[in-house]
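>>> next comes the sequence, and after it the predicted model I'd like to discuss.
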Amino acid sequence: MWTLIALRPLSLLLLLLLQPLQLKILIQYAPMSEEEVEHFEDYLEEMYSTGPTLPPTKDVFKSRTIIYSRRPLTDSNYCTDEIKTKNVHNRFRCVKEHFFLQTSFEELQDICNNLFVSCKNGVKRCHRSKRLIKGVYCNLTRGVVMTDCVYESSYRQGYVLMTCRWQDDIQEIIPAYINDIIETSDVIKEKPVLQGYF
């Protein structure tokens, strides 16, 4: 006799097996280009995999970090709204913290060539901007899964600390993660850890 516990893994397996069928039905009723289908398949694979998430790409970083809006960066609901709008999550779970920056991607990419400095939270090597950049720091205050995430928004202007990584398919070093925005009153003269890329 089957128990409810034994049926649950069976139903999950059935859902995973039906994924290609769901994709075929979706394509039939909502025609997509081959590129859109490939992106959607990658998205499904990442969502249902049990391994680590895919590393950020240039396009994902740009869409989730760079802001051009005319909305005031001091708005107390900035983060809660923008995180939902820009679809910032980790497998539909709320991210604990996030930064939005009002700058160009090219400027951030140039920062990847700056000297290494110490980061926060035990990360040993970050790159620091040479000029002040405006941004918003988002700190999760409530929620576990999208769209229940609620964030406290804090306007910041300071030096950006970030990590960078190499993206093979475009053969470029790209910004990967914003570690912090150090406001000018908090800046302590750090000695460079190492010069170069890595």
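Arrived safely. All values reported here derive from a predicted model rather than from experimental measurement. Residues are numbered from 1 along each chain as shown.
>>> and the longest strand seen in the chain, what's its mean pLDDT?
Longest strand of the chain, by residue count under DSSP state E: strand 150-167. In this model, strand 150-167 has a mean pLDDT of 95.
>>> now it: buried residues?
151, 153-154, 156, 158-165, 167 (16 or more other CB atoms under 10 Å). All C-beta spots, glycine's among them, are computed from the backbone N, C-alpha and C.
>>> could I get those residues as JSON lines with distance to T74?
Formatted as JSON lines, the buried residues of strand 150-167 follow (distance: CB to CB, whole Å):
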{"residue": "Y151", "distance to T74": "14"}
{"residue": "S153", "distance to T74": "8"}
{"residue": "S154", "distance to T74": "9"}
{"residue": "R156", "distance to T74": "10"}
{"residue": "G158", "distance to T74": "15"}
{"residue": "Y159", "distance to T74": "20"}
{"residue": "V160", "distance to T74": "18"}
{"residue": "L161", "distance to T74": "22"}
{"residue": "M162", "distance to T74": "23"}
{"residue": "T163", "distance to T74": "27"}
{"residue": "C164", "distance to T74": "29"}
{"residue": "R165", "distance to T74": "32"}
{"residue": "Q167", "distance to T74": "33"}
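>>> so which of the residues you listed comes closest to S76?
S153 (5.7 Å; CB to CB).
>>> now do V193, the pLDDT please.
You'll see V193 listed with a pLDDT of 44.
>>> all helices of this protein, in order?
Secondary structure of the chain (DSSP state H): helices located at 4-29, 34-48, 58-65, 78-85, 105-111.
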